[in-house]
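J.: I'd like to go over a predicted model; first the sequence, then the structure.
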Amino acid sequence: MFIRKVEPAFYDTDALGHINNTRLPAWFELARNDLFRLFTPDLDPRKWRLIMARMEVDYRAELQYGQEIEIRTYISRLGNSSFTVSQEAHQDGRLTNLGHTVMVHFDHDAKQATPITGELRESLEAHVHEEPAEA
């Protein structure tokens, strides 16, 4: 599991005074960089070997300005050529958001999915974790 801390900026808030719902997908993407480095260590987009097939975010509680947010990133499913990245946002000791992103190991030249094998698969297996129980 990878953990990142985010300190919300004032501009992350909306008219209702809490963190805008559009910020979570951006923060989740930033936190996926740790996993992206397993595929492309220098994050060079010309060497990119992934595509996103699906993304969803469950909003369970409001996030507030002025309090740090912890984003936990792990793999909840590892298939032949795709995997699901699950991400949790926690603030003040409670789970506020849960996201799932399906990523596909992809050959951009051949325009097709490719199997995840060898050391790469082993590296990903080290980050497989179960999702939290439903609240």
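T.: Yep, that arrived.
J.: Give me the secondary structure label for residue 80.
T.: Under DSSP: H, G, I helix; E, B strand; the rest coil, the three-state class of residue 80 is coil.
J.: Give me the pLDDT value at it.
T.: Per-residue pLDDT puts residue 80 at 96.
J.: Was I right to think it contacts residue 121?
T.: No. In this structure residue 80 lies outside contact range of residue 121 using CB atoms under 8 Å: 9.7 Å. All C-beta atoms are positioned from the backbone trio N, CA, C, and that covers glycine.
J.: quick one, which of the two is more surrounded?
T.: The neighbour comparison of residue 80 against residue 121 (other CB atoms under 10 Å) goes to residue 121, with 15 against 12.
J.: just checking, the more buried one touches residue 78?
T.: Yes. Under the criterion of CB under 8 Å, residue 121 makes contact with residue 78 at 7.5 Å.
J.: longest strand of the protein?
T.: For the chain, the strand with the greatest residue count under DSSP state E is strand 94-107.
J.: mean confidence score for that strand?
T.: Averaged over strand 94-107, pLDDT sits at 96.
J.: What strands line up against that strand, and which way round?
T.: strand 50-59 (antiparallel), strand 82-91 (antiparallel), strand 112-113 (antiparallel) (DSSP bridges).
J.: outside of the helix or strand following the shortest one, which residues touch it?
T.: In other words, strand 112-113. Next along the chain after strand 112-113, taking DSSP states H and E as the criterion, comes helix 118-125. Here helix 118-125 makes contact (CB atoms under 8 Å, 6 or more residues apart in numbering) with 35, 38, 39, 75, 78, 83, 105, 116.
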